[in-house]
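Chemist: Build me a model from this:
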Amino acid sequence: MARRLPPLSALRPFEAAARLESFSRAAEELHLTHGAISRQVRALEEHLGAGLFRRHGKRVALTPAGRAFAERVRAALEEIAHAADEAGASRENRLTVSVLPSFASRWLMPRLIRFMDAHPKVEVNVIASTALANFAAEEVDVAIRFGRGPWPALACEHFLDDEYFPVASPRARVPKHPRDLAGFRLIREDRDYWQEWMRAAKVDLEVPPTGPLFNDSTYSLQAASRGEGIALARRSIVGEDLERGTLVKLFDVTVPSRESYWFVSPKPLADAPLVKAFRDWVKAELAALSPARARRR
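Modeler: You can find the predicted model right below:
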């Protein structure tokens, strides 16, 4: 039976694309790129030997086979979600948190000991990954995600906005004016805000399509601190680097992020005592650090 299963990692992207009738909107919902959705759907079509979508430029529409398959996949995923919810009811003394590596290493982990001290009987598991949280398979209770929520299938709470600005090593040669960035190596990320920042700085420069490209801010900031280029940093995760002096902020121009931080949980777990305790603790830590930027709802 296992040999007949399609690529399981492609089912969520396919279901989202089928439901939304858009690869772009599916990518936004699942925190993936348009290209990643397209590749997953193509892999599924190749496995099945059938076309699931008709493509008309950037527009897509389900084929009859795709529509029938989508209905069965959606029902199967909902059944798995219900099973996960029932299994989650017994996880009273364990909290599993999914979080981006950048936020985990630069914000959460240095502070997590305080949460564990306040809840000594709780086993805390942290899954640091850029992948979408798999609430069922990994028994994730709550995820901290950086994106454009809310997501209708989940319980979501917006708790922090962010902004970007350039940073570099204090030992590196740095530009004196934004227009001088043309002569420096710019470190890029999958979520790239360089062009928005250039507009905010009122300079007419194009970001080179080549050069270092990272999928997580942890690596781009490490590269910048080693003097390998200039990175565009999120304020939420670069604070300790600025305080220690391993990075310095360049210029006084910042650009607001299109994405924000969200608490995300399966709806039946949203009000579980440990999930609520963790959310309250994160918000209290943020409020103590910077009350103006911590949002409570």
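Chemist: helices or strands up against the helix or strand bottoming out on mean pLDDT in the chain?
Modeler: In the chain, no helix or strand scores lower on mean pLDDT, DSSP states H and E than helix 64-88, which sits at a mean of 82. In terms of contacts (3 or more CB pairs under 8 Å, 6 or more residues apart in numbering; DSSP states H and E), helix 64-88 is packed against helix 11-20. The C-beta positions use only the backbone N, C-alpha and C, and glycine is treated the same way.
Chemist: Any idea how far the next helix-or-strand element following the helix it packs on is from the middle of the chain?
Modeler: As assigned by DSSP states H and E, the chain's next helix or strand after helix 11-20 is helix 23-30. Distance, stretch centre to chain centre, for helix 23-30: 13 Å (CA atoms, centre = their mean, to the nearest Å).
Chemist: now do stretch 187-194
Modeler: 14 Å.
Chemist: what ranges do the strands span in the stretch 151-297 of the chain?
Modeler: Here the stretch 151-297 of the chain has its strands, by DSSP state E, counting those that start in this stretch, at 155-160, 163-168, 186-189, 213-214, 230-234, 248-249, 255-256, 260-265.
Chemist: Show me where the protein has its helices.
Modeler: Using DSSP state H, the helices of the chain run over residues 11-20, 23-30, 34-48, 64-88, 101-103, 109-118, 194-200, 217-225, 235-244, 273-289.
Chemist: Would you mind checking which of the ones you listed scores lowest on average pLDDT?
Modeler: Mean pLDDT values for those show the minimum at helix 64-88, a mean of 82.
Chemist: ok, now how distant is His177 from Glu139?
Modeler: 51 Å (CB to CB, to the nearest Å).
Chemist: Ok, Phe146 next?
Modeler: Taken as CB to CB, the span from Phe146 to Glu139 is 22 Å.
Chemist: Of those two, which one has the most company?
Modeler: Between Phe146 and Glu139, counted using other CB atoms under 10 Å, Phe146 has the larger neighbour count: 23 against 15.
Chemist: Next up, the contacts around the more buried one.
Modeler: His31, Leu100, Phe103, Asp162, Glu259, Ser260, Tyr261, Trp262 (CB atoms under 8 Å, 6 or more residues apart in numbering).
Chemist: Can you name the residues that contact the fifth one?
Modeler: When you say that, I think you mean Glu259. Here Glu259 is in contact with Phe146, Gly147, Arg148, Asp162, Arg191 (CB under 8 Å, 6+ apart).
Chemist: How about Val282: what's its closest non-neighbour residue?
Modeler: Spatial nearest neighbour of Val282, chain neighbours left out: Phe159 (7.0 Å); criterion: CB to CB, 6 or more residues apart in numbering.
Chemist: can you check Ser102 too?
Modeler: Spatial nearest neighbour of Ser102, chain neighbours left out: Ser217 (4.0 Å); criterion: CB to CB, 6+ apart.
Chemist: What separation is there between that neighbour and Arg258?
Modeler: Counting by CB to CB, the gap from Ser217 to Arg258 is 15 Å.
Chemist: Could you check which of these two is surrounded by more residues?
Modeler: A direct count of neighbours by other CB under 10 Å for Ser217 and Arg258 places Ser217 higher, at 28 against 11.
Chemist: Just give me the neighbour total for the nearest residue to Val124 once chain neighbours are set aside.
Modeler: Spatially, and ignoring its direct neighbours in sequence, Val124 is nearest to Leu95 (5.2 Å; CB to CB, 6+ apart). Applying other CB under 10 Å, we find 23 residues neighbouring Leu95.
Chemist: what's the answer for Gly147, then?
Modeler: Neighbour number of Gly147 under other CB under 10 Å is 20.
Chemist: Same check on Met116?
Modeler: 13.
Chemist: Just the pLDDT at the closest residue to it other than its chain neighbours, thanks.
Modeler: Of all residues not flanking Met116 in the chain, Val124 sits nearest, at 5.8 Å (CB to CB, 6+ apart). Note on Val124: pLDDT of 93.
Chemist: contacting residues around Val124?
Modeler: Arg94, Leu95, Val97, Leu112, Phe115, Met116.
Chemist: re earlier: I'd like to know how many residues surround the residue nearest to Val282.
Modeler: 19.
Chemist: Next, find the distance separating it from Arg145.
Modeler: Phe159 is 11 Å from Arg145, where distance means CB to CB.
Chemist: what residues are shared contacts of the two?
Modeler: Contact criterion CB under 8 Å, 6+ apart; residues shared by Phe159 and Arg145: Tyr261, Trp262.
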